[in-house]
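Q: Provide a 3D model corresponding to the input given below.
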Amino acid sequence: MLSKARQEVRADLRAVSFTLDPKEKKMIQRETLAALFETYFRILKHSMNNSRYKATRFFPGGSHPLLAPCLEGLGKFSHLIDLDFMSELIACLKKLSGYTDHRGEIPPDNALSVSERLQCCIVAFKVWRSNLVALNVDLQDFFVQLYNLILEYRPDRDHGEVLADALKTLLWEGKQQDMLRAAAFIKRLATFALSFGSAEAISALITLKHLLQKNTKCRNMLENDAGGGSLSSLVAKYDPEAKDPYLSGALATVLWELSLLQKHYDPSVSGMASNVLSMANLNATQNPVQLSSANPLEAYKDLSMGLELSKPAGKVLTLKCKRKRRSKEFVALSPDVLKKADCTVDEDELREKLQSHFAVLRGISENERLRTALNHTLSSINMYKEYKKQKRQSKKSKTGRKKVTRS
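A: Alright, predicted model coming up:
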């Protein structure tokens, strides 16, 4: 009797306080997590099967708008994924990243953007690091894919923050890289830093410096000997278009890009390049002075924010201002400024100006059409005259032959 009364009291208290039982709460969380991962895996399989539309500048996700949040969620909850699905998930991410097992085969035209393929590599490494004890997979294919995706990056189309995160996850974190692979990434990152803006360059240089610190033998690439560093005779000739970092022969070249980056307009980039070049005069056990302890992603965010804050404020322009010269800087007006500006225009006057403008354009196009017809007619007349001239000459030659035969 007393136990029943206690159970009733507990039930009443639970109903009043709106608190769930721990067992019921765990069950709900388990079901929610199972439904979440089921949704994620459906999105991945749909993205693998549907490659109809290509990603563009205006629709960077192509036909996969849910893939980016799906990959972000998989990376966030990677430690909760069941081990039975790990191998299938890694294979799915490898296929989505655009990797092909045939070295000589041209990779298929991937419908995913470069940012989405980079996110596939990032998620694969996060899943692997969350299950180091139970998961035994080779992630060399994702290194190869990152090596090729660096060349496909375009700042006006792709997200630089995703690339910086990929450099941090695959190259900055984790164990020491293989010497040949590290040398290939060092050379490619130096070329990448020379080709893009300050934010991308600083993230690439920080990763490059980290690889040189972890792989002291790769510091021979800082030597400016003709034909490469001191290890150039042990490897093949450098191939900048190689698809596999192990076949690039990067140890046969030098990092001449750092000398140009020392003259970069951004002081943070030029200072980092000088700091990396100073490693050539140090022993293998010594490291240069640490300029920044930030990883590539943090450095990219800091420099991007600094560039945004250093931009000059837009000046307020009115319609009554005189037309400025083309050499002056273009100022983008915000919607708020346009609303506040006096935009009253006489519609009749505007209509007359547009009519006169398009009348001139129609006259120019009609003039061009008439000139084309005139040139065609003149060429036809000249051809006819040439034909008549040749016909007269042929008649004269025939009459001359007849007179010669009669005589």
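
Q: Just the buried residues of the helix or strand that contains C120, please?
A: In this assignment (DSSP states H and E), C120 forms part of helix 114-130. Under the neighbour-count criterion of 16 or more other Cβ atoms under 10 Å, helix 114-130 has 114-128, 130 buried. Using the backbone N, CA and C atoms, a C-beta is placed for each residue, glycine as well.

Q: just checking, what packs against the next helix-or-strand element following it?
A: Going down the chain from helix 114-130, the next helix or strand is helix 140-152, by DSSP H and E. For helix 140-152, the packing partners by 3 or more Cβ pairs under 8 Å, 6 or more residues apart in numbering; DSSP states H and E come out as helix 86-96, helix 114-130, helix 160-167, helix 179-195.

Q: where does the chain dip in pLDDT?
A: For the chain, residues meeting the criterion pLDDT under 70 lie at 14-20, 50-63, 100-111, 132-136, 176, 224-236, 284-292, 307-345, 407.

Q: just the helices in it please.
A: In the chain, the segments counted as helices under DSSP state H are 2-17, 22-49, 67-76, 86-96, 114-130, 140-152, 160-167, 179-195, 198-214, 257-261, 267-277, 296-309, 335-340, 347-406.

Q: Quick one: work out the angle between the fifth one and helix 86-96.
A: Translated: helix 114-130. Helix 114-130 runs at 160 degrees relative to helix 86-96, counting by axes from the mean of the first three to the mean of the last three Cα atoms, to 10 degrees.

Q: Using PDB, write out every CA atom in helix 114-130.
A: Output of helix 114-130 as PDB, limited to C-alpha atoms (Å, rounded to 0.1, in the frame of the first residue of the first chain):
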ATOM      1  CA  VAL A 114      35.000  22.300 -54.700                       C
ATOM      2  CA  SER A 115      33.900  23.400 -51.300                       C
ATOM      3  CA  GLU A 116      31.500  20.400 -51.000                       C
ATOM      4  CA  ARG A 117      34.200  18.000 -52.000                       C
ATOM      5  CA  LEU A 118      36.600  19.500 -49.500                       C
ATOM      6  CA  GLN A 119      33.900  19.100 -46.800                       C
ATOM      7  CA  CYS A 120      33.700  15.400 -47.700                       C
ATOM      8  CA  CYS A 121      37.500  15.100 -47.000                       C
ATOM      9  CA  ILE A 122      37.100  17.000 -43.700                       C
ATOM     10  CA  VAL A 123      34.200  14.700 -42.600                       C
ATOM     11  CA  ALA A 124      36.200  11.600 -43.500                       C
ATOM     12  CA  PHE A 125      39.100  12.700 -41.300                       C
ATOM     13  CA  LYS A 126      36.800  13.700 -38.400                       C
ATOM     14  CA  VAL A 127      35.100  10.300 -38.500                       C
ATOM     15  CA  TRP A 128      38.400   8.500 -38.600                       C
ATOM     16  CA  ARG A 129      39.900  10.500 -35.600                       C
ATOM     17  CA  SER A 130      36.800  10.000 -33.500                       C
END
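
Q: From the chain's centroid, how far away is that helix?
A: 15 Å (Cα atoms, centre = their mean, to the nearest Å).

Q: And for the shortest one?
A: Distance of helix 257-261 from its chain centroid, counting by Cα atoms, centre = their mean, is 22 Å.

Q: Enumerate the positions of that helix that are buried.
A: E257, L258, L261.

Q: My read is that the last one contacts A273, right?
A: Yes: using Cβ atoms under 8 Å as the test, L261 is close enough to A273 to be in contact (3.7 Å).

Q: Just give me the neighbour total for the nearest residue in space to L80 that is not next to it in sequence.
A: Once flanking residues are discounted, L80 sits nearest to L33: 6.2 Å by Cβ to Cβ, 6 or more residues apart in numbering. Neighbourhood size, L33 [other Cβ atoms under 10 Å]: 14.

Q: so L83 makes contact with V127?
A: No: contact status for L83 versus V127: not in contact, 10.4 Å apart, counting by Cβ under 8 Å.

Q: Residues that sit against both of L261 and A273, list them.
A: Taking Cβ atoms under 8 Å, 6 or more residues apart in numbering as the contact rule, L261 and A273 both touch A193, L205.

Q: who touches K353 in this structure?
A: Contact analysis of K353 by Cβ under 8 Å, 6+ apart lists nothing.

Q: I'd like to know how far it sits from D346.
A: Using Cβ to Cβ, to the nearest Å, one gets 10 Å for the distance from K353 to D346.

Q: looking at it, D266 is touching E200, isn't it?
A: No: applying Cβ under 8 Å, one finds D266 not in contact with E200, separated by 11.2 Å.

Q: Between the two, which is the more surrounded one?
A: E200 (23 against 17).

Q: what number of residues lie near the nearest residue to A164 once chain neighbours are set aside?
A: Leaving aside its chain neighbours, A164 sits nearest to Y300 (3.9 Å; criterion: Cβ to Cβ, 6+ apart). Neighbour count of Y300, defined by other Cβ under 10 Å: 27.

Q: need the contact list for the closest residue to K217 other than its chain neighbours.
A: For K217, ignoring the flanking residues on the chain, the nearest one in space by Cβ to Cβ, 6+ apart is M179 at 5.6 Å. M179 is in contact with N215, K217, C218, L251, counting by Cβ under 8 Å, 6+ apart.

Q: The residue lying closest to the first one once chain neighbours are set aside: how many residues sit nearby?
A: Just to be clear, that refers to N215. Take N215 and drop its neighbours on the chain: the residue closest to it by Cβ to Cβ, 6+ apart is A182, 4.4 Å away. Per other Cβ under 10 Å, the neighbour tally for A182 reads 23.
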